[in-house]
Each structure stands twice: as C-alpha cells, then as structure tokens.
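1. With the input below, show me the fold.
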Amino acid sequence: MFGFLKRWFGASKKESVDGTRRQKQRVNARSGMRVLVVDDSTTVVATLRRMLEQNGYEVDEALNGEKGVEIAVNDPPDLIFLDIILPGINGFAALRQMRRNLRTREVPIIMMSGNEQATEQFYAQRIGADDFIKKPFSRAELFSRIERLLDVSLMPRRRVQAAVEHPRGEFVK
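-> Residues are numbered from 1 along each chain as shown. Purely as a prediction, here's the structure:
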C-alpha cells in the first residue's frame, strides 16, 4: 500500500527517486573534532550533542555565555555553536570576547537563534560569526552548516577575513 501511495503521489521533496533522502554525499569533518555548544536550553544542547556524537564529534557544553567563553579560552575547540539569547552575557557579547582573544579569534562560530528577526543574522555576521542557523533546525541543515566551514583537511576554518575592532568597539571586516 505504501509503495502504491509513493508512486501515486511521487517522491517527496526530501526523497530522491531511489528512495534515499540525501541528494548528495555529506562530507563530514574529521572524527574527534571538538565542538562547544553554548545554549541555555538543555533540550537544544542534548539534541546537538546526540547528533554530533553520532557522527564522531566530541562535544563540550555550556549553559551560559560566561562559561562558554571560559571553556573556549581555556581549551579552544574546533567549532562553536553559540546561542544569541543567554543568561548573563548574551551571545553577541560572548562572540565579541572570543573574537578579541588570541586563543579563540580563529575558531569558527555558528550563531543560533529561534528569533524570527533577520537583523540578528546580519549583526552576528557583522561582528564576527562565521554562519547563522535558525532554531529549530534539521539534522541536514546542521551538517550542511558544518560542511561549509570545512577546509581540505576536513577541519572547520574561518572563511571570512579576520574581523578588526573599530574604535567604537564594533568589529568590521
């Protein structure tokens, strides 16, 4: 019956003709890559941890901006997922601190937000984020964002020019 319905209605947008969902082979970062997830939602942290660990990544977590900056500076990860709305210092302030620190300046950072406003995405990238992902997001979108940052050695690298601090305290490219 299910096969009949699939033939009748055709393959879904997410499914290709051969029944597989992925249109192209995903390129994964090297196994063992360290990712820091900074989000005050334990659900988001647990979901990201599960998805990333299933693909061989090591995951550290912080539930607020201060702890996220502390972990990142003390032992810089290969990639950071940073929520914008956090208790204490928000994600923008944490991003600024990490971009000003020599140990974390070159770590790729993907900002996250559930807010519908596109201004957050623009502002996050203006002050030094490497990418932006809107919550909720799919597994495919998560790994697509990581894949965009991979270099030839399959490690995430910053693709934007290093941000330079403007005299008013803002970062410009």
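2. from here on, contacts and neighbour counts on C-alpha atoms
-> OK.
3. Identify the residue nearest the geometric centre of this protein.
-> With distances taken as C-alpha atoms, centre = their mean, the chain has Ile110 as the residue nearest its mean C-alpha position (3.6 Å).
4. Can you verify it is assigned to a strand?
-> Yes: according to DSSP: H, G, I helix; E, B strand; the rest coil, Ile110 belongs to a strand.
5. Next SSE downstream of the worst-scoring helix or strand of the chain on mean pLDDT?
-> When the helices and strands of the chain are compared on mean pLDDT, DSSP states H and E, helix 2-9 comes out lowest with a mean of 41. Moving toward the C-terminus from helix 2-9, the next helix or strand (DSSP states H and E) is strand 34-38.
6. who does the very next helix or strand once past that following strand touch, helix- and strand-wise?
-> Going down the chain from strand 34-38, the next helix or strand is helix 42-53, by DSSP H and E. With contacts defined as 3 or more C-alpha pairs under 8 Å, 6 or more residues apart in numbering; DSSP states H and E, the packing partners of helix 42-53 are strand 34-38, strand 58-62.
7. Pull out the buried positions in helix 42-53.
-> Judged by neighbour count using 16 or more other C-alpha atoms under 10 Å, the buried positions of helix 42-53 are 44-45, 48-49, 52-53.
8. likewise stretch 114-126?
-> For stretch 114-126, a neighbour-count test (16+ other C-alpha under 10 Å) marks 120-121, 124-125 as buried.
9. which one of the residues you listed is nearest Asn74?
-> Of all those, Ala124 has the smallest distance to Asn74: 23.1 Å, by C-alpha to C-alpha.
10. Is the closest one located within a strand, as I assumed?
-> No: following the definition three-state DSSP, Ala124 is helix and is not counted among the residues of a strand.
11. before we move on, back to that, report the contact partners of the residue nearest to the centre of the chain.
-> Remark: with contacts taken as C-alpha atoms under 8 Å, 6 or more residues apart in numbering, Ile110 is in contact with 79-82, 129-133.
12. now Met155
-> Under the criterion of C-alpha under 8 Å, 6+ apart, the contact partners of Met155 comprise 29-30, 33, 78, 149.
13. Do you know the pLDDT at it?
-> Each residue has a pLDDT score; the one for Met155 is 82.
14. Any chance of the backbone angles for it?
-> Main-chain torsions, Met155, degrees, to the nearest 10: phi -120, psi 140.
15. ok, back up a step: and which of the buried residues of helix 42-53 is nearest to Ala94?
-> Proximity of those to Ala94 (C-alpha to C-alpha) peaks at Val45, which lies at 17.2 Å.
16. Could you double-check that the closest one lies in contact with Asp39?
-> Yes: with contact taken as C-alpha atoms under 8 Å, Val45 and Asp39 are classed as touching, separated by 6.4 Å.
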